[in-house]
Structure formats: structure tokens, C-alpha cells
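Asks: sharing a model prediction with you, sequence too.
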Protein chains: 2
Amino acid sequence: MTAPAGSVNAIAYDCKMPRPTLRDVAEAAGVHAATVSRALNPATQSQVKPATARRVLKAAKTLGYRPNPIARSLKTSRSGTVGMVIPDIANPVFPPMVRGLESILEPHGYNCWVVSTDNDATREAELIAGLQGNHVDGFVLATARVDDPLLEKLHDEEAKIVLVNRRTSNQPILSVVADDVTGISLAVAHLKKLGHQRIAHLAGPQNTSTGQARSAAFRHAVRDHGLSDDPRLVIECGDWREAFGAEALRTLLSRDVNFTAIVAGNDLIALGCYDVFRETGLRCPDDISVIGFNDMMFMDKVQPPLTSVRVPHRQVGAEAGRLLVGMLNGEIDDARSVLLPVELVVRDSTAPPHGSGRPELQS
Amino acid sequence: MTAPAGSVNAIAYDCKMPRPTLRDVAEAAGVHAATVSRALNPATQSQVKPATARRVLKAAKTLGYRPNPIARSLKTSRSGTVGMVIPDIANPVFPPMVRGLESILEPHGYNCWVVSTDNDATREAELIAGLQGNHVDGFVLATARVDDPLLEKLHDEEAKIVLVNRRTSNQPILSVVADDVTGISLAVAHLKKLGHQRIAHLAGPQNTSTGQARSAAFRHAVRDHGLSDDPRLVIECGDWREAFGAEALRTLLSRDVNFTAIVAGNDLIALGCYDVFRETGLRCPDDISVIGFNDMMFMDKVQPPLTSVRVPHRQVGAEAGRLLVGMLNGEIDDARSVLLPVELVVRDSTAPPHGSGRPELQS
DNA sequence: TTGTATGCGTTATCAA
DNA sequence: TTGATAACGCATACAA
């Protein structure tokens, strides 16, 4: 007479059975769905009698019950996932960060959703909105610009944010960055010790804190070491990629200015220099020494092996994870900034200077 | 007198306002929520009078309404996202695939959720379950093993799946792979033309279709070319990574067998060989020629620049995207398999043989 | 063409 | 300690 009270799942006979729900488990255990919810949630488990809890757990296991994150998220507005936003998934510095982040998040029960913006602000806005819509509990952003309205908006909305790699100005936001100043200083000191007097700097984009920090550090370092601070020796690259490094070096070479070494804003820019060396017949390190930044994967295997400032990328991600989990647990509410140590890895792209660095251009 | 009928959102005055909902828009437009839903959904827009639709759209825009994907997903069991599962985010062959995939998905309104399994089956199962729980509409899997219970289960559940890079046996599942046979054949032909007679193969893991296909292709190719098919010249690496390639080469060198060239299962295995060359003083290509597979990023810049079989990784991802979208739209229901062409990129790691390839070991 | 009612699977607030 | 009930935001069958 009465309609079956149970969910349709319990009477489904076809083989493509929908996943069991709380109610299915409740029915199997002979209790109410609410009780199942309590029994299965560690935080509320104490409210239920041990005997019933055991019954519920057993029923859940035999049915193969898995909570539906979507429904839970709709109800709680939390998702157990954090969004990691990176500028370019093809840039080898980011994968280690992702792994470091995941290594911390996982034991805390969080997942990580990685998206890549292609350095496109519009795309970035869409992706972040998408992550917000999917109720990510926090963000790890590797895309911060010095003046970043998107970031300001997110911060105003009280989103939980940790910046990696780059920072933003005038916003009290947690960040994890490498010690750029020390890194550049080590690079310049190394070159000076080799005997270089005129060092060029192919700076990264100045709308990023990293680009700014490194080029400011470069200017200070050359002055501190009493080396030439000829402004013509510093050039800004349009992007952190190889092609832009190559372009910058070509511009630099077209200027009538001598130099025997280059401090590149990062490894990719340094590799762009390698391309130009091949084009022009310049030899590295014989004609020009080069130092990169990051010491990313394979830099020991390129020709010549690249001298570079090693950044502990995995650790950057891990530290960001620790900070974010701390925020999500309410243990951290200040805007601390973590500075991770770097070291100079000397390889074969640096050597004492032989001449002006531009032999064939001097006739 | 009457209680306010509107949602609390409409009368919230604090600055951290919750996102407007369908009901807020409905109230603003003076219609029912259902109408708003219809007006905003392209598929049902025709059911609503143009004038009302315009009003609704305007209200939605002024309120800054964005549909809540979670609620929508709970209702529809679809999410507009697909999960991409890769074995190792730090392996440079995968980022281009991800970008290729995204480039197709995006214009079709789909997002992409990338997870990395670390080659850990347990972790993979958890991640896939997580993606299922989050109602991803389909999967792109780069982790398939030849005998893969996880994959079978997923397939039995009628999940929409496209495999990339690897396939599975005995399952009618769509796949996009490179033409391994031709690639290996080109490699062997190239080495034969250079004069090599005894060629070794450092095979990838044989529990992957790619590993199997390439080593089978190798055996056929050497026979077809009348070269030595000494089984001691073939060795299986435990993983696709450098360390395992190095290990395999050390084992090979410890055997008392001559060879002058190596066809590596992939580029990372080839780079592992480079490490052993450095350890042992062997020179490449003078003592031993090496050919890689994939031609991943930077392989033109390592020392010596690596001869490799180029796989169009971006295109692999893009093709997978097309197939998956086709499935999701119901336009594809057969289990087609796409074979993408490869080409041999000759660089400096291959040269005519000079001796046995193991000069210092021959005393 | 629009409104009403219901449910997706959970959690949380009550009351028992 | 447990059960009933409502709500999260949306989509849809049905009624009007």
C-alpha cells in the first residue's frame, strides 16, 4: 500500500548502480540518515553511541559508501580542495612547487587543483572565478603582479591566499619567496671574483616582484662591489621565457657597450642567451659568462652546464602548503612572509673574462 | 507587516556579501527563479519571452550573478570539468599535453582538473575516486597500464575515457598515441645507415603499452635490418626516469657484450645514459650513440644535443580533447584509436661507430 | 510563456 | 543519543 520509503538506489537492479547515498547506508543500518552523517564524520562521531556507530560503519563499508563531495560542499561551502594558480605549466620551476604543496596538503586531507593561466590576465580571472565557484578553501598563487587588482579583489573577499615565487605590494598577504637579494649578490660576487668588471643584467618583467627584486639587487650588488653600473648594461625582458631573453640579448649586443658576463633574471632567459650565442658564434664562457636563476631541472645537462642560483622550489610549495593549512585551521592570521635560502651552483657557464666579450663585433 | 520574501542576500548590508543566487536575480528582475534559470541557460532560453530574458540578463549582470557550479553539479550530475590524470607532473612530456587538451576543452566550455599520481596505484585510485566524486564529466588518462583493473572498473562504470600516451589491452577504450613502431624503426634505420651493427635497447617498463610497443618494434626493426638481435642487448628499465636508465646502462655495461649504439625507451632514459657516460668516461657519440624518444623540451640544449623521435605532445592532448568532447556530446561512441605521426630529429648524439663502444673496458 | 513543486546528497538545528 | 526537518543553489517535470 505505502510507497517504498527507501531511496531508489536500494531497489535498483541494473548493473550500473548509482553510488550509495547516506540514506542507503541509513536504511541498511536501520538508523536515520542524520545518524549516519554523524557516525561517519570524525568531528561528530562522539555524539553517537559506539554500538550504532559500529553498525553504521559496517553498513557503509559493505555498501561501498563514499560521501559525495559536491553535496557536502553545497551544504558546507567548503570543498577540501585548494586551487594552485601558475602562470605557465610548461615552465619547469612550477612542477616541483606543486609536488611540494601536495605533499603537505594530502596528509591534511586537502586536494589540490592546478590551473595554468598562460600569463593571460583574463584567463586568470576566469580560472580563479571558476575555482571560487567550486568552493576551493584557499589559493596558492604563483601569478601575483606587483599591482594586481585581481589579487586585491580576492583579498577583499577574505579568501585564504598564499603567494609563492612572487609577492604583491601594499597588501598584507602571506608569501613564500626565495632570497632573491642574496642570490643575485652571490652571482655578482662570483663573477667579480672571476675578474669580470662589466656585467650585464637581463632582468625579468618589472611588473613582478621577483623581476623588481632581482634587478634592484643587481644594481646594489654591482655598486657594492665597485663594478660598472652603466645603465645600458641592464635590459628588461618582456617575459620570463627563452625567446624574450634572446631578444633582450640581441638588443644589448646591438648597443655599443662592452660586457663580459650576464646575470640573467632566470634560467630560461639564460637559455635564450645560449640561442643567441649559437646564432652569433659567441662562445660561453670563453667570450661571455652567464649565470641563471632557479637552477631548474636539466640545467646541469645543457651545454655549457649553467651556473645558477638554486631555489628550493619543492620547499617553496611545501612551505606554502603549511601556511595555507595553518590559515584554514585558524592557527595563522598574520601576514607573515617566508624567505627561503638560496645557493649558487657553479658550473661551466662562468669563467674568467678573456676580452670584451664581443670579439667579432670589435673588428 | 509581511516578512521579507527575498533571500537574505538581497538585504545584506555588510561588505562581505555572499554571491547572489538565482533567487536574488529573480527578485531583481521581478520574475520567478525558474524563469531566470531558463533565461540564463542557452538550451532553454527559447522557452522564455525575449523581453523577460533581456530583463533577467540585465539583472544578472548588474548583480554580478555567477551560477554556482556546485549546486548545478549536484542537480545535473555534470560539472563541466574533465579530469586529466598523469603519472608525474615533473616529467616534461605532460605539460604540453595538458595545454593541448585545455586548448580544445576551453572553447567547448569545459575545464580541466590535472592530478599527478606519482606512479602510485593507490594514490591514483584515490585521485580518480576524488574526481568521480566531484562529478567530472570525463577522464583523460596518461597512466594506463597494460593490465589495469582501475581502468577496467572505470570503464565498467561507463565513464567517458580517453587514454593518451599509453593504451590498455582488451578494452575498447579510445586512445591517442604516437606511432611508436615507426619511431623506433626510424631510429634503428638511422643507426644502421651510420654503420652500427650491434644496437642496444633500454626499454621502458613493460607493464605499459608504450614500453611494450617500443621494445617489440625494436626487436622487429633490428631483424628487418639484419642487425644483431642478441637478447642481451635489450634491458628493461624499472621506470621511465633518468635514474632507472642509468641503472639499466650500468647493468648492460657489466655484461660482457658489445654494442655501439643505444635506442632508449624515452628521453629521460637517454639522459640517464649521459650520466653513466660521465661516470665512466665514455664519450657520446664517439664511443656510443644514443637516440631518445619524445624529443621533449631542452633536448636540443643538452650535451650532446640528443637525437630523438619527436612526438607531437601538444597535438596528443588536443586530439584527446576532441575525442572526449565528441563522446560527451554523444557524437562518438566507438572506441577509435588515433595514431599520431612522429619524426626523427637528428642531432649530435648519433655518429658512425668507431669501435666496440666500450674502449676502456676492452683492455 | 511563466510559476509551482520537488529533489540532487549532505549537514545542521531543532525536538524528542 | 537519535530522529525529523530544513536548507545549501539549481534544474526540471508539471501545472497553470
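Replies: Alright, I've got the coordinates.

Asks: what's near enough to touch A:Ala33?
Replies: By C-beta atoms under 8 Å, 6 or more residues apart in numbering or on different chains, the residues touching A:Ala33 are A:22-23, A:25-26. All C-beta spots, glycine's among them, are computed from the backbone N, C-alpha and C.

Asks: quick one: pLDDT of it?
Replies: Note for A:Ala33: predicted pLDDT of 92.

Asks: for it, give its distance to A:Leu22.
Replies: Separation of A:Ala33 from A:Leu22 (C-beta to C-beta, to the nearest Å): 5 Å.

Asks: just to revisit the earlier point, what's the closest of the contacts of A:Ala33 to DNA strand D?
Replies: A:Ala26 (7.3 Å; C-beta to the nearest atom of the strand).

Asks: kindly provide the distance from that closest one to B:Ala129.
Replies: Counting by C-beta to C-beta, the gap from A:Ala26 to B:Ala129 is 22 Å.

Asks: ramachandran angles for the residue in the stretch 151-300 of chain A that DNA strand C sits nearest to?
Replies: Closest residue of the stretch 151-300 of chain A to DNA strand C, C-beta to the nearest atom of the strand: A:Lys160 (17.9 Å). Backbone geometry at A:Lys160, expressed as degrees, to the nearest 10, gives phi -80, psi 120.

Asks: burial count for the nearest residue to it once chain neighbours are set aside?
Replies: In space, and not counting its chain neighbours, A:Lys160 is closest to A:Gly138: 3.6 Å by C-beta to C-beta, 6 or more residues apart in numbering or on different chains. Using other C-beta atoms under 10 Å in any protein chain shown, the number of residues around A:Gly138 comes to 23.

Asks: and the gap between A:Gly138 and DNA strand C?
Replies: 18 Å (C-beta to the nearest atom of the strand, to the nearest Å).

Asks: that residue contacts A:Gly326, correct?
Replies: No. Between A:Gly138 and A:Gly326 there is no contact under C-beta atoms under 8 Å: 10.4 Å.

Asks: going along the chain, name the helices of the stretch 1-150 of chain A.
Replies: A:22-29, A:33-40, A:50-63, A:69-76, A:94-105, A:121-133, A:149-156 (DSSP state H, counting those that start in this stretch).

Asks: can I get those helices in JSON lines including distance to DNA strand D?
Replies: Compiled in JSON lines, the helices of the stretch 1-150 of chain A are given as follows (distance: least, C-beta to the nearest atom of the strand, whole Å):
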{"stretch": "helix A:22-29", "distance to DNA strand D": "7"}
{"stretch": "helix A:33-40", "distance to DNA strand D": "3"}
{"stretch": "helix A:50-63", "distance to DNA strand D": "3"}
{"stretch": "helix A:69-76", "distance to DNA strand D": "4"}
{"stretch": "helix A:94-105", "distance to DNA strand D": "25"}
{"stretch": "helix A:121-133", "distance to DNA strand D": "9"}
{"stretch": "helix A:149-156", "distance to DNA strand D": "19"}
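
Asks: got TSV for those, with distance to A:Ile235 too?
Replies: Converted to TSV, these look like this (distance: least, C-beta to C-beta, whole Å):
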stretch	distance to A:Ile235
helix A:22-29	62
helix A:33-40	60
helix A:50-63	63
helix A:69-76	48
helix A:94-105	25
helix A:121-133	24
helix A:149-156	27
